[in-house]
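1. Need a 3D model of the following:
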Amino acid sequence: MKISIGRLVNFHGIRGEVKVLSDSDFAEDRFSPGSSVEVKGTSYTIDSYRKHKNFHMLKFKGVGNINEVEHLKGSDVLQEAEAVDVPLEEGEYHYRDIIGLDVLLEETLEPIGTVSDIFETGANDVWVVDGDRQYMIPYIEDVVKDIDLERGHIIIHPMEGLLD
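-> All right, here's what the predicted structure looks like:
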């Protein structure tokens, strides 16, 4: 199964290096040289990888100038879900496992919405939860009390003001 690991948003220079905004957990592993990705139905092998600001800069093998990749701008970068085998520590999850889970309040088990996206902030991830409005839930021990993948839900204890 192929998953989206980012979006090709622009280019750097004229030699075909592309800028990717990552949607992926473990981006550095997924974008490592030698890895295969698919963009607009075409398979590419990553020749080089580096980070620059918030972007992941990729150079594909066999691509020598911007004209060969211009048509890819705005496209999703896909990869086989199992292409990278990263062992998870306790309390770590793949984004694909968290997105789509229902979020319930600890005291009442009242649902507030569903995780629709995840942002990396450096200190901790922040989950975007869509419900009657959009909530930003930090993935920290004080807030996230239980993640039950089998039942498809997350139980949170919101800090004061978090849901206001």
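
2. How about residues contacting stretch 139-149?
-> Residues outside stretch 139-149 that contact it (Cβ atoms under 8 Å, 6 or more residues apart in numbering): 93, 97-98, 101, 106, 124-127, 137, 154-159, 162. From N, CA and C alone the C-beta is placed, and that goes for glycine too.

3. Please flag which of these sit within helices.
-> If you go by DSSP state H, these have Asp97, Ile98 in helices.

4. Now, of the contacts of stretch 139-149, which are buried?
-> Those of the contacts of stretch 139-149 that meet the buried threshold are Tyr93, Ile98, Leu101, Asp125, Val126, Trp127, Ile137, Ile154, Ile155, Ile156, Pro158, by 16 or more other Cβ atoms under 10 Å.

5. My understanding was that the fifth one contacts Phe119; is that so?
-> Yes - with contacts defined as Cβ atoms under 8 Å, Val126 counts as touching Phe119 at a distance of 4.7 Å.

6. Give me the common contacts of the two.
-> Common neighbours of Val126 and Phe119 (Cβ under 8 Å, 6+ apart) do not exist.

7. Show me what the closest residue to Gly131 other than its chain neighbours is bridged to.
-> Counting by Cβ to Cβ, 6 or more residues apart in numbering, Gly113 is the residue found nearest to Gly131 once chain neighbours are left out, at 2.6 Å. Per DSSP bridges, the residues bridged to Gly113 are Val103.

8. same thing with Val128?
-> Under the criterion used here (DSSP bridges), Val128 is bridged to Asp117, Met136.

9. those strands in the chain, which residues are they?
-> Shown for the chain, the strands assigned by DSSP state E span residues 2-12, 17-22, 36-39, 42-52, 55-60, 76-80, 102-105, 111-120, 125-130, 134-138, 144-148, 153-156.

10. and Arg30, which of these is closest to it?
-> strand 2-12 (5.0 Å; Cβ to Cβ).

11. quick one: buried residues of stretch 18-35?
-> Val18, Lys19, Val20, Ser22, Asp23, Ser24, Asp25, Phe26, Ala27, Arg30, Phe31, Ser35.

12. Where is pLDDT lowest across those?
-> Of all these, Asp25 has the smallest pLDDT value, namely 68.

13. hang on, the earlier thing: for Asn67, find the nearest of the strands of the chain.
-> Of all the strands of the chain, the one in closest proximity to Asn67, counting by Cβ to Cβ, is strand 2-12 (10.2 Å).

14. so what secondary structure elements neighbour that closest one?
-> strand 17-22, helix 27-30, strand 36-39, strand 55-60, strand 76-80 (3 or more Cβ pairs under 8 Å, 6 or more residues apart in numbering; DSSP states H and E).
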